[in-house]
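> Sequence and predicted structure, then a few things I'm wondering about:
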Amino acid sequence: MTLHEGMELELAVTRLAVGGRGVARSEGLVVFVEGGLPDSLVRARVSKVRKGFAEAQVVETLTPSPQAVPPACRHADVCGGCPWQTLDAAAQLFWKREHVLETLTRLGGLADVPVRPTVPSPNVLGYRNKMEFAFAGNLHLGLHERFRPGRVLDITECRLMAPWAAEVVAFVRDFCRATGLPAYDARTGRGVWRHLVLRESAATGKRLAHLITGPARTAGGAAHGLGEALLTRFPDLTGFVHSVRRAPSAVALGERQVSGLGETRLEERIGDVRLFVSPDAFLQTNTAAAGLLYRLVAEAAGQAADGTAWDLYCGGGGISLTLAPHFALVHGVEADARAIDDARDAAAPKRHRQLRVPRPGRRPGHGRPGLDRPDRRGARPAARRRRARGADRHPGRRPGQGGLRVLRPGHPGPGPAPAGRRLRGHVRHARGPVPPDGPHRMRGRPAPPLKKGRPPHAGRASRKGSGCEEARKRWRCCP
Ligand SMILES: C[S@@+](CC[C@H](N)C(=O)[O-])C[C@H]1O[C@@H](n2cnc3c(N)ncnc32)[C@H](O)[C@@H]1O
């Protein structure tokens with residue numbers, strides 16, 4: 001029997017593939033089963049047959065997985081937001097670790113890397129500090145459906161974020177419907193409403209609504225009206241930002257911020273580090289778990305009072321700043337100019353006064369060859385004295401002083417490591433350009449072959465916004 005689209009099969013799901021679909025076998029083919037949990041028997045409809053594999057969707061569960069749990073959310077059957085919510089938390093942790101292992105082994109070509117058990121999140125529900133909701137059709141606002149990702153489900157609750165988020169979504173949906181303006185249509189490039197992103201700071205309790213529209217002329221007035229109505233109706237909402245996105249890709253990132261009301265940037269605290277979060281910039285979405293993550297990274301990195309640490313893909317600088325007290329210098333590498341701004345501001349307080357971060361948009365290679373030299377105007381007297389002594393030849397600081405530089409991809413790098421500095425593990429990278437295409441380059445290994453032969457972040461990040469957001473559509477490299 002050969003598989004064909006539309007046929008129904010009984011499938012025994014044995015495991016979860018990277019990306020979350022169940023894996024079964026039929027007629028010698030691997031079948032990726034959307035909605036299939038490990039150790040379950042399901043009836044599934046084949047949706048695609050390709051050379052070497054097929055895809056199917058669960059129609060009925062015949063024998064449930066022993067790890068299945070009742071869903072927490074009323075939209076679980078339809079919504080594509082959190083397909084693993086029917087898998088118990090311990091099993092989720094197990095499969096996360098399996099996927100890390102598989103990624104390192106298969107994609108990274110790294111055998112025998114020790115991978116510890118997954119560190120559980122302190123909260124299983126309501127842990128997200130950010131949710132992205134999409135507009136579509138006539139006029140829906142919510143999350144993409146699981147089995148028909150082209151459609152948007154009008155959610156009335158979302159258990160991933162605190163309940164206020166669903167209330168704001170309902171209000172915005174009604175408001176936008178009442179304007180009579182349509183959702184943006186990527187095929188025609190017409191229409192207004194694209195995404196609503198809600199963020200909350202665990203440290204301050206402040207909340208931000210970020211509306212992304214198409215470039216339609218009518219968008220500005222309507223968005224401003226919505227912002228005012230929102231801040232009046234929800235006093236806990238402390239800021240509203242309207243951005244425009246022209247590119248057709250359905251990514252919840254603005255290209256240009258056109259207006260704002262109230263506080264347009266959040267402040268967050270992760271571990272001992274205070275961070276700033278611009279509406280579009282990346283922040284780990286689980287604040288409590290990010291604290292655990294940063295602590296683990298700091299433990300693994302150790303300390304070197306006269307050494308340098310590199311934080312590649314540093315975002316708003318959370319890991320860089322966690323490491324800063326333990327190193328003479330931390331280099332952060334980041335593509336997103338807004339995140340660089342946030343990192344610079346977060347590093348500004350006194351205890352990081354050795355900070356030298358090139359201004360976003362500043363051309364690299366300014367000043368000394370191979371070094372994106374910090375702006376020296378306004379430098380403190382102590383820093384001037386050090387320079388006079390030649391102590392800043394390498395912008396690493398004296399032991400214990402801590403510092404952070406944020407470089408852009410394509411930057412020629414900070415030049416050769418000064419003799420005697422503990423940079424051995426990083427020398428290749430430090431001498432070469434900042435790799436725009438992923439950490440595997442640091443090890444001098446060729447990038448693994450990808451679709452169309454391009455590495456995951458190639459050429460994207462430097463064009464606009466977060467390359468990671470773009471890349472995750474194919475690679476799911478971000479949460
Ligand atoms: C998953 S986030 C990690 C942020 C940070 N390390 C943290 O844990 O909070 C990845 C970051 O990498 C940045 N990025 C993506 N591609 C990049 C590239 N080629 N070069 C530099 N940064 C890049 C994105 O803008 C994003 O801020």
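On my side now, so go ahead.
> For the stretch 51-200 of the chain, give the residue positioned nearest to the ligand.
Per C-beta to the nearest ligand atom, Asn129 is where the stretch 51-200 of the chain lies closest to the ligand, at 11.9 Å. No exception for glycine: its C-beta is placed from N, CA and C like everyone else's.
> got the residues of the stretch 251-400 of the chain near the ligand?
Applying C-beta under 6 Å from any ligand atom, one finds that the stretch 251-400 of the chain approaches the ligand through 282, 284, 313-315, 318-319, 333-336, 339.
> Could you write me a PyMOL select line covering just the buried ones among these?
Buried residues within these, by 16 or more other C-beta atoms under 10 Å, are selected in PyMOL with:
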select buried, resi 282+284+313+314+315+318+319+333+334+335+336+339
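> Make a markdown table out of the residues of the stretch 251-400 of the chain next to the ligand and add secondary structure and pLDDT.
Formatted as a markdown table, these follow (DSSP: H, G, I helix; E, B strand; the rest coil; pLDDT from 0 to 100):
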| residue | secondary structure | pLDDT |
| --- | --- | --- |
| Phe282 | coil | 91 |
| Gln284 | coil | 96 |
| Tyr313 | coil | 93 |
| Cys314 | coil | 94 |
| Gly315 | coil | 93 |
| Gly318 | helix | 95 |
| Ile319 | helix | 96 |
| Val333 | strand | 91 |
| Glu334 | coil | 92 |
| Ala335 | coil | 90 |
| Asp336 | coil | 88 |
| Ala339 | helix | 91 |
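> what's around the spatially closest residue to Leu181 that is not a sequence neighbour, how many residues?
Leaving out its chain neighbours, the residue that sits closest to Leu181 by C-beta to C-beta, 6 or more residues apart in numbering is Val192, at 4.4 Å. Neighbour count of Val192, defined by other C-beta atoms under 10 Å: 23.
> Tell me how far Val192 lies from Phe135.
Distance, Val192 to Phe135, using C-beta to C-beta, to the nearest Å: 8 Å.
> any common contacting residues for those two?
183-184 (C-beta atoms under 8 Å, 6 or more residues apart in numbering).
> and Thr308, what element?
Taking DSSP states H and E as the criterion, Thr308 maps to strand 304-312.
> Show me what that strand packs onto, helices and strands only.
The helices and strands touching strand 304-312, judged by 3 or more C-beta pairs under 8 Å, 6 or more residues apart in numbering; DSSP states H and E, are helix 318-323, strand 327-333, helix 427-431.
> Output these as a markdown table; include the columns distance to Glu60.
Shown next, in a markdown table, are the helices and strands packed on strand 304-312 (distance: least, C-beta to C-beta, whole Å):
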| stretch | distance to Glu60 |
| --- | --- |
| helix 318-323 | 44 |
| strand 327-333 | 49 |
| helix 427-431 | 52 |
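> quick one, which of those is nearest to Asp112?
Asp112 lies closest, by C-beta to C-beta, to one member of these: helix 427-431, at 22.5 Å.
> Averaged pLDDT, the closest one. What do you get?
For helix 427-431, the mean pLDDT works out to 22.
> and if you look at stretch 113-126?
Per-residue scores along stretch 113-126 average to 95.
> What is the end-to-end distance of it?
This stretch, stretch 113-126, spans 33 Å end to end (C-alpha to C-alpha, to the nearest Å).
> Check stretch 321-339 too.
Taking C-alpha to C-alpha as the measure, stretch 321-339 stretches 13 Å from start to finish.
> now swap in stretch 115-132 and tell me
Terminal residues of stretch 115-132 lie 31 Å apart, using C-alpha to C-alpha.
> contact partners of it?
Taking C-beta under 8 Å, 6+ apart as the rule, stretch 115-132 contacts 72, 89, 93-94, 96-97, 100-101, 104, 158-162, 165, 195-202, 252, 268, 283, 285-289, 292-293, 296.
> Out of the residues you listed, which end up buried?
Neighbour-count burial (16+ other C-beta under 10 Å) applied to these gives 94, 96, 158-162, 165, 195-202, 252, 268, 283, 285-287, 289, 292-293.
> In helices, which of those fall?
The helices, defined by DSSP state H, take in 94, 96, 165, 287, 289, 292-293 from the buried ones among the contacts of stretch 115-132.
> so Leu296 is in which element?
Leu296 belongs to helix 287-301 when assigned by DSSP H and E.
> Which secondary structure elements does that helix sit against?
Helix 287-301 packs on strand 266-270, helix 318-323, going by 3+ C-beta pairs under 8 Å, 6+ apart.
> quick check, distance from the helix or strand following the first one to the centre of its chain.
Spelled out, it's strand 266-270. Later in the chain than strand 266-270, the nearest helix or strand by DSSP H and E is strand 273-277. The chain centre lies 16 Å from the centre of strand 273-277; the measure is C-alpha atoms, centre = their mean, to the nearest Å.
> List the neighbours of strand 273-277 that are in contact with it.
Applying C-beta under 8 Å, 6+ apart, the external contacts of strand 273-277 come out as 199, 201, 203, 265-269, 283, 294, 316-318, 321-322, 341-342, 345-346, 349.
> what is the mean pLDDT for it?
If you average the pLDDT over strand 273-277, you get 95.
> So what angle separates the directions of that strand and helix 287-301?
Orientation of strand 273-277 against helix 287-301 (axes from the mean of the first three to the mean of the last three C-alpha atoms, to 10 degrees) gives an angle of 130 degrees.
> Show me what strand 273-277 pairs with in its sheet, parallel or antiparallel.
Neighbouring strands of strand 273-277 in its sheet, by DSSP bridges, are strand 266-270 (antiparallel).
> Break the chain down into its domains, please.
Domain assignment for the chain by automatic domain parsing gives 8-100, 130-264, 304-407, 440-479.
> Pick out the shakiest of these, pLDDT-wise.
Ranked by mean pLDDT, the domains of the chain end with domain 440-479 at the bottom, a mean of 35.
> Residue in the stretch 151-300 of the chain with the shortest distance to the ligand?
Counting by C-beta to the nearest ligand atom, the stretch 151-300 of the chain gets nearest the ligand through Phe282, at 3.7 Å.
> Which of the three states applies to the nearest residue to Ala170 once chain neighbours are set aside?
Sequence neighbours aside, Thr156 is the residue nearest to Ala170 in space, at 6.7 Å (criterion: C-beta to C-beta, 6+ apart). Taking DSSP: H, G, I helix; E, B strand; the rest coil as the rule, one finds Thr156 in the coil state.
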